[in-house]
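Kindly return the folded structure for what I paste below:
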Amino acid sequence: MLESRYGLNVLQCTYNEQGVEITPDMLENLEQAHFVKISLSDWIYVVDIGHYIGDAVRKEIAYAEEHGKKVVFHTSGLYDTAVHHT
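Reported below is the predicted structural model:
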């Protein structure tokens, strides 16, 4: 919907729907892949339902902020503003 409605490119989250056991190497690869996605982005959208943010996402937010990326939180209600002013 974001691509068609707003012309955005969305770099999707990764889900472990198969319940695969994640090794430390896999976790490191995943973290690095997310940092690359953030580097490619103008801003990140954090889905913080109930204001919950896990440790991995906290690292991603810190990385984004350190690299001058705007961070928009779902609970802030500022999504439409961020989309229209990127």
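
which residues touch residue 30?
Going by C-beta atoms under 8 Å, 6 or more residues apart in numbering, residue 30 touches 14, 22. Every residue, glycine included, has its C-beta placed from N, CA and C.

again with residue 17
The neighbourhood of residue 17, defined by C-beta under 8 Å, 6+ apart, contains no residues.

Can you show me the helices along the protein?
Remark: helices assigned in the chain by DSSP state H are 2-6, 24-40, 55-66, 79-84.

Put together a markdown table for the ones you listed, with distance to residue 13 and mean pLDDT on each row.
Shown next, in a markdown table, are the helices of the chain (distance: least, C-beta to C-beta, whole Å; pLDDT from 0 to 100):
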| stretch | distance to residue 13 | mean pLDDT |
| --- | --- | --- |
| helix 2-6 | 13 | 73 |
| helix 24-40 | 8 | 94 |
| helix 55-66 | 10 | 94 |
| helix 79-84 | 16 | 53 |
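
mind putting the ones you listed in TSV, distance to residue 48 included?
Shown next, in TSV, are those (distance: least, C-beta to C-beta, whole Å):
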stretch	distance to residue 48
helix 2-6	18
helix 24-40	16
helix 55-66	8
helix 79-84	12
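
which stretch among those helices comes nearest residue 12?
Nearest to residue 12, of all the helices of the chain, is helix 24-40, at 8.7 Å by C-beta to C-beta.

What residues of stretch 21-28 count as buried?
Residues of stretch 21-28 include none that count as buried (16 or more other C-beta atoms under 10 Å).

let me redo that: stretch 49-60
53, 57, 60.

which of those residues lies closest to residue 39?
Nearest member of the buried residues of stretch 49-60 to residue 39, counting by C-beta to C-beta, is residue 60, at 11.1 Å.

hang on, the closest one packs against residue 38?
Yes: taking contacts as C-beta atoms under 8 Å, residue 60 lies within contact range of residue 38: 6.2 Å.

and for those two, which residues touch both?
Jointly contacting residue 60 and residue 38 under the rule C-beta under 8 Å, 6+ apart are residue 44.
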